[in-house]
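**Student:** Here is my input, please return the structure:
(one chain, ligands or ions: 1)
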Amino acid sequence: MALVTLEGVGKTFRGRTGAWEAVRDFSLELAEGEFFCLLGTSGCGKTTVLNMLAGFEAPTAGRILLDGKPVRGPGADRGVVFQGHDSLYDWLTARDNIAFGLRLRGMAKAERRAVADRFLTMVGLTGQGAKHPSELSGGMKQRIQIARALANDPRILLMDEPFGALDAMTRAVLQNELSDIWAKSGKTVLFITHDIEEAVALSTRVGVMKRGPGGTLKAVVPVDLPFPRERTSDGFMQTFRQVHALIHEEIHPHE
Ligand SMILES: Nc1ncnc2c1ncn2[C@@H]1O[C@H](COP(=O)(O)OP(=O)(O)OP(=O)(O)O)[C@@H](O)[C@H]1O
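**Tutor:** Model (predicted):
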């Protein structure tokens, strides 16, 4: 059975200015352990799809199943990592941010600390647990967000352009780290990005969306390249070009 099933999912926002169909007839199955990148032009509905799977928004059509059960709201079985780092609590240390969910679940302090430290190490921040978010760089804060999501041991990690606000060098470092973490943890990941190279570097499959209104999945490209990915290899370039062509059609539909 697929870990995640989206079946004919649609979302129409209704407001004072009328209705906007953001997503139409979106269907996808995610297998346990895969790294799926969702790619598409701005406004095509990527975040809306992620928000519905996260349980932040309810679909207006179709259904979403996680482990065969309908998604009815947010839950600890889904760990969400956003772009930027506003979601970290500034008054808590890095370690306490990571352990926040564990505290809510009633885990004892010593155990919480041990788990948090394990994930601090996993994201390359050994010994930085006592610092507050304001004392950390953008890349470090993103690492803390990833560690926090993983510490809760979710069934799936939902990442919405997590590296979008970082400089190119930090971004490349974090991409490699995330790829290692994914390989070690065996987690299922749904990852949203605008960046074709990032998608090809990280994923087992890339889904390209058609632009909105009524954004939907237009093609899924499997990325059968060994990890770590060699970005200048023929296979990488070939996949890059394939995905690029699919995106290009959305930006210049009448060429
Ligand atoms: N709460 C809302 N109310 C009304 N319209 C919305 C709402 N949220 C999103 N939309 C609209 O739905 C469409 C899809 O938005 P969404 O944020 O999912 O796109 P996206 O592909 O993630 O874009 P980007 O890459 O720019 O972040 C957009 O046209 C947006 O204006």
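**Student:** Now residue 250: which helix or strand?
**Tutor:** helix 234-251 (DSSP states H and E).
**Student:** near the ligand at all, that helix?
**Tutor:** No: Helix 234-251 is not in contact with the ligand by C-beta under 6 Å from any ligand atom; minimum separation 10.9 Å. (Each C-beta comes from the backbone N, C-alpha and C, glycine too.)
**Student:** So which residues make contact with that helix?
**Tutor:** Applying C-beta atoms under 8 Å, 6 or more residues apart in numbering, the contact partners of helix 234-251 are 39-41, 44, 196-197, 199-201, 206, 208-211, 218-219, 221, 223, 225, 229-230, 255.
**Student:** before we move on, what about stretch 39-59?
**Tutor:** Contacts with stretch 39-59, where a contact means C-beta under 8 Å, 6+ apart, come from 4, 6, 9-11, 22-23, 26, 38, 64, 66, 71-75, 78, 80, 156, 158, 160, 190, 192-194, 196, 199, 206-212, 215-216, 243, 247, 250-251.
**Student:** distance of the closest residue to the ligand within the stretch 101-250 of the chain from residue 130?
**Tutor:** Residue nearest to the ligand within the stretch 101-250 of the chain (C-beta to the nearest ligand atom): residue 212, separated by 5.3 Å. Using C-beta to C-beta, to the nearest Å, one gets 45 Å for the distance from residue 212 to residue 130.
**Student:** who has more neighbours, those two?
**Tutor:** residue 212 (20 against 10; other C-beta atoms under 10 Å).
**Student:** Return the residues in contact with residue 154.
**Tutor:** Residue 154 neighbours (C-beta under 8 Å, 6+ apart): 76, 77, 78, 79, 187.
**Student:** Over to residue 233?
**Tutor:** Taking C-beta under 8 Å, 6+ apart as the test, what residue 233 contacts is residue 225.
**Student:** Just want the most central residue of the chain.
**Tutor:** residue 159 (1.8 Å; C-alpha atoms, centre = their mean).
**Student:** can you list the residues that contact stretch 6-13?
**Tutor:** The contact list for stretch 6-13 (C-beta under 8 Å, 6+ apart) reads 19-29, 45, 48-49, 52-53, 57, 59-65.
**Student:** Would you list the buried entries among those residues?
**Tutor:** 21-24, 26, 28, 45, 48-49, 52-53, 57, 59-60, 62, 64-65 (16 or more other C-beta atoms under 10 Å).
**Student:** What mean pLDDT does the host helix or strand of residue 102 get?
**Tutor:** Assigned by DSSP H and E, residue 102 falls within helix 100-104. Helix 100-104 shows a mean pLDDT of 90.
**Student:** As CSV, could you dump the C-alpha coordinates of the helix or strand following that helix?
**Tutor:** Using DSSP H and E, the helix or strand that follows helix 100-104 in sequence is helix 109-122. Provided in CSV are the C-alpha atoms of helix 109-122 (Å, rounded to 0.1, in the frame of the first residue of the first chain):
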residue,chain,number,x,y,z
LYS,A,109,14.1,15.6,30.2
ALA,A,110,17.2,13.4,30.0
GLU,A,111,15.8,11.4,27.2
ARG,A,112,14.7,14.6,25.3
ARG,A,113,18.1,15.9,25.6
ALA,A,114,19.7,12.8,24.3
VAL,A,115,17.3,12.7,21.3
ALA,A,116,17.9,16.4,20.6
ASP,A,117,21.6,16.0,20.7
ARG,A,118,21.5,13.0,18.4
PHE,A,119,19.6,15.1,15.8
LEU,A,120,21.9,18.1,16.3
THR,A,121,24.7,15.8,15.3
MET,A,122,22.8,14.5,12.4
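**Student:** Which other helices and strands does helix 109-122 contact?
**Tutor:** Applying 3 or more C-beta pairs under 8 Å, 6 or more residues apart in numbering; DSSP states H and E, one finds that helix 109-122 contacts helix 94-98, helix 100-104, helix 138-151, helix 168-185.
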